[in-house]
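Asker: With the sequence up front, the predicted model follows.
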Amino acid sequence: MSDGKVIIDTELDGKGAEKGISNLSKTLGNIGKVGSVALKGTAVAIGAATTAIGGLVVASTKAYASYEQLVGGVDTLFKDASGQVQKYAADAYKTAQLSSNQYMEQITGFSASLIQSLDGDTKKAAEYGNRAIIDMSDNANKMGTGIEMIQYAYQGFAKQNYTMLDNLKLGYGGTKTEMERLISDASQMTDIQNKLNVSVDEGDLSFGNIVNAISVMQDSLGIAGTTATEASTTIEGSANTMKASWQNLVTGMGSDNANLDELITQFVNSVTTFAGNITP
């Protein structure tokens, strides 16, 4: 357990990483008596994962290169709505416990089918996709299923493959008939549809309608909102949020134009939240 002190004694060749480490070292000294992150000598430690500062420049460069590629993919798929997707990605560390890169990887994995199911409406697809990713995270946190299994299920739904519907543990088996039953049940829950500002059409197996049906069903079962709650109140949830915000900071260090002050503030806030949860 660290006492929150930060000691950095190294030189870095890379303006973004050098500035990031400099600012981070100044800020982390104020996180309090309990800290989950210690930067000491030539190492950056976050929980059980340790990255040598000597390799941080390389790591940040690679992360930013991936970020640029992912943004390019988002631009291609979402066109005028790309900016909205990137905003959702930037906030995903707290809404879905994912880094920006992880978020964009997920949403591009099923966005083509989603956009097609919504008749090319990229703005609506950005909204649906964001809700789907948060639903995935909520389900994983509430039901204990590995997030990868849930991601595979959604990717299957996008291809009209329903065999992994039972991965969501919503009380429905992995068949087309069971997906139809889920949609039918959700279509009757008009109060929840109004609450979420979505509509579910019975008998419609389009991917967009499936996303809405799952949102409605998870809300009815008390699954919705789990990620946001756990991010602020549980050790595991706040640790995942901290890890995602750290990954965003590392990515930002690869760019001279990133808003490092904002990324550092997000990271330090997540550290403080985690420290508060783990102190008892």
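Answerer: Arrived safely.
Asker: Nearest the geometric middle of the chain, what residue?
Answerer: Centroid check for the chain by C-alpha atoms, centre = their mean gives residue 98 as the closest residue, at 2.6 Å.
Asker: and the closest residue to it other than its chain neighbours, backbone torsions?
Answerer: In space, and not counting its chain neighbours, residue 98 is closest to residue 92: 4.4 Å by C-beta to C-beta, 6 or more residues apart in numbering. Placement of C-beta: from N, CA and C, glycine included. Main-chain torsions, residue 92, degrees, to the nearest 10: phi -70, psi -20.
Asker: what sits against residue 92?
Answerer: Contact analysis of residue 92 by C-beta atoms under 8 Å, 6 or more residues apart in numbering lists 98, 99, 100, 102, 103, 133, 244.
Asker: Around the last one, count how many other residues there are.
Answerer: Translated: residue 244. Residue 244: 26 surrounding residues under other C-beta atoms under 10 Å.
Asker: Give the full set of residues in contact with the residue nearest to it when sequence neighbours are not counted.
Answerer: Nearest residue to residue 244, sequence neighbours excluded (C-beta to C-beta, 6+ apart): residue 93, at 3.7 Å. Neighbouring residues of residue 93 by C-beta under 8 Å, 6+ apart: 99, 100, 241, 244, 245, 247, 248, 266, 270.
Asker: Report the secondary structure element holding residue 72.
Answerer: In this assignment (DSSP states H and E), residue 72 forms part of helix 56-78.
Asker: Check which residues of that helix are buried.
Answerer: Neighbour-count burial for helix 56-78, counted by 16 or more other C-beta atoms under 10 Å, picks out 56-57, 59-61, 63-64, 66-67, 70-71, 74, 77-78.
Asker: Quick check: phi and psi on residue 202?
Answerer: According to degrees, to the nearest 10, residue 202 has phi -60, psi 130.
Asker: Quick check: it touching residue 181?
Answerer: No. In this structure residue 202 lies outside contact range of residue 181 using C-beta atoms under 8 Å: 10.3 Å.
Asker: Stretch 217-232: end-to-end distance?
Answerer: Distance across stretch 217-232, first residue to last, is 24 Å (C-alpha to C-alpha, to the nearest Å).
Asker: picking up where we left off before, and the residue nearest to residue 98, how far from residue 264?
Answerer: Going from residue 92 to residue 264 by C-beta to C-beta, to the nearest Å gives 18 Å.
Asker: What residues sit buried inside stretch 198-214?
Answerer: Counting neighbours by 16+ other C-beta under 10 Å, one finds that the buried residues in stretch 198-214 are 198, 200, 204-214.
Asker: would you put the C-alpha positions of it in CSV?
Answerer: Written as CSV, here are the backbone C-alpha positions of stretch 198-214 (Å, rounded to 0.1, in the frame of the first residue of the first chain):
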residue,chain,number,x,y,z
VAL,A,198,-36.7,4.0,-26.9
SER,A,199,-39.1,1.9,-28.7
VAL,A,200,-39.2,-1.9,-29.1
ASP,A,201,-41.2,-3.4,-32.0
GLU,A,202,-42.5,-6.9,-31.5
GLY,A,203,-41.3,-9.3,-34.2
ASP,A,204,-38.5,-7.0,-35.4
LEU,A,205,-35.2,-8.8,-35.4
SER,A,206,-33.1,-5.9,-36.7
PHE,A,207,-30.0,-5.2,-34.7
GLY,A,208,-31.2,-1.8,-33.6
ASN,A,209,-34.4,-3.2,-32.2
ILE,A,210,-32.5,-6.0,-30.4
VAL,A,211,-30.3,-3.3,-28.7
ASN,A,212,-33.4,-1.5,-27.5
ALA,A,213,-35.0,-4.7,-26.3
ILE,A,214,-32.0,-5.6,-24.2
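Asker: Could you tell me how many residues sit around the spatially closest residue to residue 65 that is not a sequence neighbour?
Answerer: Nearest non-adjacent residue to residue 65, counting by C-beta to C-beta, 6+ apart: residue 254, 7.2 Å away. Residues near residue 254, counting by other C-beta under 10 Å, number 24.
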